[in-house]
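Colleague: build me a structure from this.
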Amino acid sequence: MKKIFTILFCLFALMANAEEIKMALLQPRVAEGSAPCKPIELNMIRGELRKAFGWQSEFQVLTRTDVDAMLKEHGFQQTGMVDDNQRKQVGIMTGAQYICVSTVTKDGTQLYIESYLVDIETGVMTNPATQFANVLNNDYSTLQEPCNQLAKEMLGELGGHKKSSGVTGRKSSQVPAGYVDLGLPSGTLWKAENEDCGLIKYDQAVNFYGSSLPTKEQWEELKDNCLWTWTGNGYKVKGKSGESIVLPAAGWRSCDGTLLSVGSNGYYWSSTPNGSESAWDLGFFSGGVDMFNDNRCSSLFVRLVR
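Modeller: Sure thing, here's the model as predicted:
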């Protein structure tokens, strides 16, 4: 009986491991004859591809710096990645089954991105995809959608690696009215809309909303575990459950009462203080999302959690 149990256990373990497909995502290289690319442009392309692959497949994406060092040492990127020995080295050192290769051609503000996959086992280069991106005024958020499309095209023909949703979430009957289950690791539910108090000072928000006001950690979880898409006047925040909320860029009010950045920036209080005069809040504009410190006498918006 013990032998049968052991065999079954091993079989289930092998099946679980087989579902995890690893991909080595290389730093994009600049095409010959291209205008020079800024490091941030190449880093942003790689970062957006990493997020896109994670959302659209069962791949575990590998982007470690030691992988880059190994590839550089073996001249992998410079050779076009067709050498059998180099390909096998990548598989051994990373455990990856696929390699994603990208090349960027820059002309003014236009970026032309070519990507394809290499099957570690066979060496076959497959699923090529191309996209254009236009980066104006250092607004790198415009790279998100082209990279999403690149990942979608490359994964489209890899049968069996598409995932249904990744998170089942709660039944709708278990989610209180007005809240959304985004499938976050902590199980936190987010209110679908801002509170109608409008812009409010920190101390007033904490006193009135108490534990319903999200902590700094809850905002960071939302930032790190959701897909953020700029809508033109705010962000659509989509969770792994497939549900989403919208955070308007409704500006903020300074301590002297001046209303600022309406339509371009959004700021939302957390309940987490930072010293006696300031507190943490989530802030964003079209180019990014981050945590900030603001004076408690500033007036920001409120989005509640459960």
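Colleague: drop to CA atoms for contacts and neighbour counts, all remaining ones
Modeller: Fine.
Colleague: and residue 114, that one's in a helix?
Modeller: No: for residue 114, which was evaluated using DSSP: H, G, I helix; E, B strand; the rest coil, the result is strand, with no helix membership.
Colleague: find the nearest non-adjacent residue to it, please.
Modeller: For residue 114, ignoring the flanking residues on the chain, the nearest one in space by Cα to Cα, 6 or more residues apart in numbering is residue 130 at 4.5 Å.
Colleague: just give the number of residues close to that neighbour.
Modeller: Here the neighbour count serves as a burial measure; for residue 130 (other Cα atoms under 10 Å) it reads 18.
Colleague: that one and residue 61, how far apart?
Modeller: 20 Å (Cα to Cα, to the nearest Å).
Colleague: residue 254 now?
Modeller: With distances defined as Cα to Cα, the gap from residue 254 to residue 61 amounts to 42 Å.
Colleague: of these two, which one has the most company?
Modeller: For residue 254 versus residue 61, neighbours defined as other Cα under 10 Å are more numerous around residue 61 (21 against 17).
Colleague: name the element the more buried one belongs to?
Modeller: Secondary-structure element containing residue 61, defined by DSSP states H and E: strand 59-62.
Colleague: off-centre distance for that strand?
Modeller: Here the centre of mass of C-alpha atoms in strand 59-62, compared against the chain's by Cα atoms, centre = their mean, to the nearest Å, lies 13 Å away.
Colleague: any idea which residue sits dead centre in the chain?
Modeller: Closest to where the C-alpha atoms of the chain average out (Cα atoms, centre = their mean) is residue 51, at 4.2 Å.
Colleague: confirm that it sits in a helix.
Modeller: Yes: secondary structure of residue 51, determined by three-state DSSP: located in a helix.
Colleague: show me the strands in the stretch 101-250 of the chain, by range?
Modeller: Under the criterion DSSP state E, counting those that start in this stretch, the stretch 101-250 of the chain carries strands at the ranges 110-119, 125-134, 179-181, 189-191, 200-201, 227-230, 234-238, 244-248.
Colleague: what angle do the first one and strand 125-134 make?
Modeller: Between strand 110-119 and strand 125-134, the angle comes out at 160 degrees (axes from the mean of the first three to the mean of the last three Cα atoms, to 10 degrees).
Colleague: helices or strands next to strand 110-119 in the packing?
Modeller: strand 98-107, strand 125-134, helix 144-155 (3 or more Cα pairs under 8 Å, 6 or more residues apart in numbering; DSSP states H and E).
Colleague: tell me what residue 227 is bridged to.
Modeller: Beta-bridge partners recorded for residue 227 (DSSP bridges): residue 238.
Colleague: what about it, distance to residue 190?
Modeller: Using Cα to Cα, residue 227 is found at 15 Å from residue 190.
Colleague: hmm, back to that, dump the helices and strands packed on strand 110-119 to CSV, plus mean pLDDT and distance to residue 184.
Modeller: Supplementary listing: the helices and strands packed on strand 110-119 in CSV, determined by pLDDT from 0 to 100; distance: least, Cα to Cα, whole Å:
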stretch, mean pLDDT, distance to residue 184
strand 98-107, 89, 28
strand 125-134, 85, 30
helix 144-155, 86, 21
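Colleague: what's the closest of those to residue 223?
Modeller: Within the helices and strands packed on strand 110-119, the stretch nearest residue 223 is helix 144-155; the backing value is 15.1 Å (Cα to Cα).
Colleague: show me how far that closest one is from its chain's centre.
Modeller: 13 Å.
Colleague: mind listing what's buried along that helix?
Modeller: Taking 16 or more other Cα atoms under 10 Å as the basis for neighbour counts, the residues of helix 144-155 that come out buried are 144, 145, 146, 147, 148, 149, 150, 151, 152, 153, 154, 155.
Colleague: list of residues touching the one helix or strand residue 270 maps to?
Modeller: Here residue 270 is covered by strand 266-274, with elements defined by DSSP H and E. Contacts of strand 266-274 from elsewhere in the structure, counted by Cα atoms under 8 Å, 6 or more residues apart in numbering, are 202, 205-206, 210-211, 213-216, 219, 234, 247-252, 279-285, 293, 300-303.
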